[in-house]
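S.K.: Need a 3D model of the following:
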Amino acid sequence: MHSQQIKNNSAKKQVLVIDDHPIVRHGLKQLIDQEKDLAVCAEAEDEDSAIKAINKALPDVAVIDLSLKGASGLDLVKRIKTKWKFPMLIVSIHDENIYAERVIRAGAKGYIMKQEATEQLMMAIRHVLQGEIYLSERMNKQLVQKYIHAGDGPTQFGSSIAKLSNREIDIYRFIGEGQGTRKIAENLKLSIKTVESHRAHIKQKLRLDSGTELVHTAIQWVQSEKK
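M.R.: Model prediction:
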């Protein structure tokens, strides 16, 4: 009986869950383990524990949150992409208009918002396991429109936040979460001077006049994403 259970479990596709909230990880594990063809093989809360889990568990797919302890999920996606071939699905509260295309370019196979139904999440996992790109129907339409009208001037993708680079987005989000320059530098393994330079570029791109205005708008943006 025991050997049969092991066999059945090994037939399931192995899922690595990477999220810095224990309750979220537990919830995702419960949902995924209920599926006949999927099982969670390991969990991780940050970049270092994720790499250790990959080496030990050898997952078939990773489900990754963009906001990790002291790191960016985008950086983790890029790091995984350079060493392993398994697909990655981003599951996040962050606006898909800003992040979906970025994570695909970084190496992930899909992006889904956390508020989507369980059925959609399982569908997304299966899509990326099959080597397909998974994005919401709305996001797919927007990307099609973007490339159709690429020469027609600014579109909704030309919004102020979308003008920021991936690193600038990370720093802007950390600012909105109340982190200072030194802490951001430690989290992203950058020099303080580099972070200050990025802050200046963000102010310029968003047409902000002061550091106070930068902090205020960043806090508003982070809070709006959580609604």
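
S.K.: so what's the residue most central in space within the chain up against?
M.R.: Centrality entry for the chain: nearest residue to the mean C-alpha point is residue 66, 2.9 Å, by Cα atoms, centre = their mean. By Cβ atoms under 8 Å, 6 or more residues apart in numbering, residue 66 lies in contact with 72-74, 90, 92, 94, 99, 103. Bear in mind the C-beta positions are built from the backbone N, C-alpha and C, glycine included.

S.K.: so which of these comes closest to residue 183?
M.R.: If you rank the contacts of residue 66 by distance to residue 183 using Cβ to Cβ, residue 72 comes first, at 14.0 Å.

S.K.: And for that closest one, nearest residue in space, chain neighbours not counted?
M.R.: residue 170 (4.5 Å; Cβ to Cβ, 6 or more residues apart in numbering).

S.K.: What separation do you get for that neighbour and residue 185?
M.R.: Using Cβ to Cβ, to the nearest Å, we find residue 170 at a distance of 12 Å from residue 185.

S.K.: between those two, which one's more packed in?
M.R.: With neighbours defined as other Cβ atoms under 10 Å, residue 170 and residue 185 compare such that residue 170 has more, 23 against 20.

S.K.: Might you calculate how far the helix or strand the more buried one falls within sits from the centre of the chain?
M.R.: If you go by DSSP states H and E, residue 170 is part of helix 166-176. Helix 166-176 has its C-alpha centroid displaced from the chain centroid by 13 Å (Cα atoms, centre = their mean, to the nearest Å).
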